[in-house]
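S.K.: Sharing a model prediction with you, sequence too.
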Amino acid sequence: MPESDLVSSMLDSPRERDLKMRALSIRQPWAWLIVNGYKDIENRSWRTKYRGPFLVHAGLKLENEAYDQVADRFDIQLPPPGEIERGGIVGQSTILDCVENHDSPWFFGPYGFVLAQSKPLPFRPMRGRLGFFPVND
């Protein structure tokens, strides 16, 4: 499936389909936690002025230590490490704000993208990139 068709099939409204959709690559298990509604902050070392929807791309790497800590600290049942999807689009979310402090237990900064309306989407393999990247070029 061409990437432009992939993006159109993943977006909710015709208006959103007219926009150039961005994706952000996030390592697992963080990507899974975001699209399944557990994690409401994405921590970064850089700010963003972007507000709006984006596709969540799961990077190829699984952070094993984070995986174990999430299961212990938050008592969340994650998929087994060999079954967690990596290397493609796994969902969609919306950035509401970029903050330097937040009450969320997921915030550890220095910057946090405040997320809402997160949901999983059917997995589509795709190469990731650093920062926000267009997926419908």
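M.R.: Happy to help now that I have it.
S.K.: Nearest residue to the middle of the chain?
M.R.: Centroid-nearest residue in the chain: residue 56, 3.3 Å away (criterion: CA atoms, centre = their mean).
S.K.: isn't that one right next to residue 30, touching?
M.R.: No. Counting by CB atoms under 8 Å, residue 30 is not a contact partner of residue 56; they are 9.3 Å apart. For every residue, glycine as well, the C-beta is placed using N, CA and C.
S.K.: which strands and helices sit next to the longest strand seen in the chain?
M.R.: Ranked by residue count, the top strand of the chain under DSSP state E comes out as strand 111-125. Here strand 111-125 touches helix 3-10, helix 30-35, strand 41-44, strand 52-62, strand 88-99, going by 3 or more CB pairs under 8 Å, 6 or more residues apart in numbering; DSSP states H and E.
S.K.: quick one, which of those is packed in tightest?
M.R.: Of these, the one with the most neighbours on average (mean count of other CB atoms under 10 Å) is helix 30-35, at a mean of 25.
S.K.: now that helix, how far from the chain's geometric center?
M.R.: Its chain's C-alpha centre and that of helix 30-35 lie 6 Å apart, by CA atoms, centre = their mean, to the nearest Å.
S.K.: What ranges in the protein fall below the confidence cut-off?
M.R.: 1-19, 137 (pLDDT under 70).
S.K.: residues contacting residue 131?
M.R.: Contacts for residue 131 (CB atoms under 8 Å, 6 or more residues apart in numbering) come out as 24, 46.
S.K.: Backbone dihedrals for it, both of them.
M.R.: phi 70, psi -170 (degrees, to the nearest 10).
S.K.: Could you check how far it is from residue 77?
M.R.: 31 Å (CB to CB, to the nearest Å).
S.K.: same check, this time on residue 46
M.R.: 32 Å.
S.K.: Out of these two, name the residue with the larger neighbour count.
M.R.: residue 46 (8 against 5; other CB atoms under 10 Å).
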